[in-house]
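Peer 1: quick one: sequence and predicted model below, then my questions.
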Amino acid sequence: MKKQLLLISTLIVTLTSAQNNEELKREFEKQNKENSAKFDSYVAKRSGNNKASETLKEFEEKRTSLAGFMPNGKPFFNSNEDMDQIKNANADFLQNGTVTGLTGAFNGENIKYTIFDGGRVFGGHVFFNNTANRITNKEASTLNYSAHSTAVAGFMGAKTYSQSVTFTDGTSRTINFQGVAKNSTMDSYTFRDSVLPGDTSTSTVFQKILTAQPKISNHSYGSNVGWNLDTVNGANAWVWNGAFNSPGSSYDLQGTYFSNDQNYDAIVYNNPNYVIVKSSGNYFGFGPNYPTPTPLPTYYTDNNGNPVAFAATDVLPSTNCAQGFDCIGPGSLAKNIIVVGATDRITANSGRYTTSADVIHSDYSSAGPRDDGGIKPDISAVGTDVGSASTAEDTVGSQGLTVGSGTSYSAPVVTAVIGLWTQINKQLFSGNELNAAAAKALTIHSAAEAGNPGPDPLFGWGFIDAKKGAELLVGKSNNTVIFNNETLNNGAANSKTILATGNTPIKVTISWIDPEYKIPATISWSDAYNNRSSRLVNDLDLRITDMETNTVYLPWKLNATSPNTAVKGDNTVDNVEQVVVDAPIAGRNYKIEISHKGTLKNNANPSVTAPQNYSIIVTGFTQVLGTKDAVNALSNLAIAPTVTKDFTNILKAPKKSTFNVYDLTGKKLQSGIINNEKEPIDLSTYTKGIYIIEVKTDKDVISKKVIKE
């Protein structure tokens, strides 16, 4: 059986509307207290008056790992699970400085990652001693170092270190343990509830994210809410983590967008510059049919958490992903994060990707999609039989190595690659970083094909390709690629017309940070299980039209009940849309249009309309002929900086045009007339949060978001 390297984390509670991080912090503190009280009640119910019972001891040991509660009130917990990756992902081209159009090598210099994992990263490991202070532990020194956390950090940023490793089957190979970003720095937190230095109360992982304010963070944990290998009465057994009513009624949360997904989406919506990367899970194929030396007994748990043996006459729940899809748990189904699946090492072709057949799904890697058909995972990377750092799990630490498998080991590769892309973006574009929407658009647009054409539930949009992503950034710098952050106003449509090269497909990808979908305060199993209702709030639409034949090209999408082969049609569930014209006619005009359904909303007050920002990448053209806004006097308008503590500026607006500043409730805070090419706007007296700056002429109006830190 594959060593499991995933960590479990969910938080099943309600998130109220939040305008900014202060409101989110208050909400997450409330969630923490409510869950703690609910857990106390559950423990008391299980142990009764027997304060020395083994059950009580067991649950008290798990208190800091409390993750949440299922619809029937049962708790579940966070727990540990489980230089080929560099070359397979083409990251060595960036490390060695061999991408045409770039100056120098990229190894994570001046890039800081944040790791949320099982414990502290052992910064004293020889893998991190190439420069001083590469690892900063943000948890108390009394917390143990974690072998898993240290391995994750190694995949992201270990220095060059080669060693021959002999395996239990007698085979051996020389492994270069180098990570993707060997000169980066990393902050380390545990996903577990803990008291951070300087605090007096415990913080959950969601509270810690707001404290850390990460630019790019890795989260190698998730939830197994189907079949899991566990210990019952001292022996291995298969335990069903969903609900079961004899003789054959079962429910589970596999594929279910739940309250912890809502929390991640709320965090990123309020902090659109946070890039969160997360593992998809290691539970594909788990269940009684999984090959083991001898059949294992099977159990489910009642509402009090007591194991109950399945009767011989019971119809057992299906094996996880029995149909080849649908076994990703809550927390890895959020819209605004990047979820990563695992693949086997590419050993042919000197470790280089050549065709989609080179990418093999790792047999443990959990598959999507979300129950509404939303594409998960988003991307895949190598995670099987790969080597990294390890340590003794104590407060001293040790010099260890590990070779293992898991989506926990593929996710940090993607996290680290995005950091290198950010480093490149800063070099090419005056220090600007990639925001969450741009990072996802770049990850998906640059992905190498894997599995069936288009997206699928095993690989998402494909296989990570660091070199292609870097080339797209170079293309943006020399105007051969469109890669913009744009804004769609309510009731409007943005369009641009391009001239096709004809020798390559036209490919357009858009990505946007969608408001969190609000889960009801109370929810039944029947409402949670396989609910096909879309979890999108703002549904943007991408179309390409052949201007000569009026043929309209539609985006990729998955059918929730038959997702293994993607189709093209109206995508109403994903906050990423991609349209491809496979064989455009050279020299022909094609119009790209972005519109939306319904009313565009924000997450604070759904009754108030709000513009929706998105990122767009376009390839396969020789010339941009124009946009809808070509005659719009506001077409060149910009707001900079978009993240500020005091002042921002309206740039390139027509003189005598007017501006208004609104908060997310729609309240007008200030107005004025623009008299300068660079008109300053003072936000220094406002609270932290997102504000809307509206600029008007006699004929046109445009709105832009700005974040006050």
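Peer 2: Okay, I see it.

Peer 1: hey, let's count contacts and neighbours off CA atoms from now on
Peer 2: Noted.

Peer 1: quick check, residue 40 in a strand?
Peer 2: No - under the criterion used here (DSSP: H, G, I helix; E, B strand; the rest coil), residue 40 is helix, not part of a strand.

Peer 1: per-residue confidence for it?
Peer 2: For residue 40, the pLDDT comes out at 74.

Peer 1: and residue 250, how many neighbours?
Peer 2: A count of nearby residues for residue 250, using other CA atoms under 10 Å, gives 17.

Peer 1: does the closest residue to it other than its chain neighbours sit in a helix or strand, and which one?
Peer 2: Spatial nearest neighbour of residue 250, excluding adjacent residues (CA to CA, 6 or more residues apart in numbering): residue 244 at 4.4 Å. Using DSSP states H and E, the element containing residue 244 is strand 243-245.

Peer 1: list the residues that contact the residue nearest to residue 250.
Peer 2: Residues counted as contacts of residue 244 (CA atoms under 8 Å, 6 or more residues apart in numbering) are 250, 251, 300, 302.

Peer 1: what do you get for residue 368?
Peer 2: Here residue 368 is in contact with 255, 325, 326, 327, 328, 375, 376, 377, 457, 458 (criterion: CA under 8 Å, 6+ apart).

Peer 1: wait, the second one touches residue 365, no?
Peer 2: The one in question is residue 325. No - if you go by CA atoms under 8 Å, residue 325 and residue 365 don't touch, sitting 10.4 Å apart.

Peer 1: which residues are common contacts for the two?
Peer 2: Common contact partners of residue 325 and residue 365 (CA under 8 Å, 6+ apart): residue 458.

Peer 1: check residue 179 and give its pLDDT.
Peer 2: Note on residue 179: pLDDT of 96.

Peer 1: what's the answer for residue 65, then?
Peer 2: Taking residue 65 on its own, its pLDDT is 62.

Peer 1: over to residue 656?
Peer 2: pLDDT recorded at residue 656 is 86.

Peer 1: returning to that earlier point: more neighbours, residue 325 and residue 365?
Peer 2: Neighbour count, other CA under 10 Å: between residue 325 and residue 365, residue 365 has more, with 29 against 25.

Peer 1: contact partners for the more buried one?
Peer 2: 280, 281, 282, 283, 284, 341, 342, 343, 406, 407, 458.

Peer 1: for residue 373, see how far away the third one is.
Peer 2: Read it as residue 282. 20 Å (CA to CA, to the nearest Å).

Peer 1: give me the more crowded residue out of these two.
Peer 2: residue 282 (33 against 27).

Peer 1: next, that one: phi, psi?
Peer 2: In terms of degrees, to the nearest 10, the main-chain angles of residue 282 are phi -120, psi 40.

Peer 1: residue 218 versus that one, what's the distance?
Peer 2: Counting by CA to CA - residue 282 and residue 218 are separated by 16 Å.

Peer 1: next one: residue 701
Peer 2: The spacing between residue 701 and residue 218, counted by CA to CA, is 39 Å.

Peer 1: domain-wise, how is the chain divided?
Peer 2: Using automatic domain parsing, the domains assigned to the chain come out as 479-631, 638-708.

Peer 1: mean pLDDT lowest where, among those domains?
Peer 2: Lowest mean pLDDT within the domains of the chain: domain 638-708, a mean of 87.

Peer 1: and residue 154, that's in a helix?
Peer 2: Yes - under the criterion used here (three-state DSSP), residue 154 sits inside a helix.

Peer 1: what is the neighbour count of it?
Peer 2: 29.

Peer 1: show the pLDDT at it.
Peer 2: 97.

Peer 1: helices along the stretch 151-300 of the chain, start to end?
Peer 2: With helices called from DSSP state H, counting those that start in this stretch, the stretch 151-300 of the chain shows them at 205-212, 259-270.

Peer 1: swap in the stretch 301-450 of the chain?
Peer 2: Secondary structure of the stretch 301-450 of the chain (DSSP H, counting those that start in this stretch): helices located at 407-428, 436-445.

Peer 1: can you lay out the ones you listed as a markdown table showing distance to residue 97, mean pLDDT and mean neighbour count?
Peer 2: As requested, the helices of the stretch 301-450 of the chain are exported to a markdown table (distance: least, CA to CA, whole Å; pLDDT from 0 to 100; neighbours: other CA atoms under 10 Å):
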| stretch | distance to residue 97 | mean pLDDT | mean neighbour count |
| --- | --- | --- | --- |
| helix 407-428 | 11 | 97 | 27 |
| helix 436-445 | 20 | 98 | 26 |
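
Peer 1: distance to residue 172 added to the ones you listed, as a markdown table?
Peer 2: Shown next, in a markdown table, are those (distance: least, CA to CA, whole Å):
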| stretch | distance to residue 172 |
| --- | --- |
| helix 407-428 | 20 |
| helix 436-445 | 34 |
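
Peer 1: which of the ones you listed sits closest to residue 675?
Peer 2: Between residue 675 and the helices of the stretch 301-450 of the chain, the tightest spacing by CA to CA is seen for helix 407-428, at 31.2 Å.

Peer 1: who's in contact with residue 548?
Peer 2: 588, 589.

Peer 1: could you give the mean pLDDT of the strand holding residue 244?
Peer 2: 94.

Peer 1: among the contacts of residue 244, which one has the most neighbours?
Peer 2: Top of the contacts of residue 244 by neighbour count (other CA under 10 Å): residue 300, with 22 neighbours.
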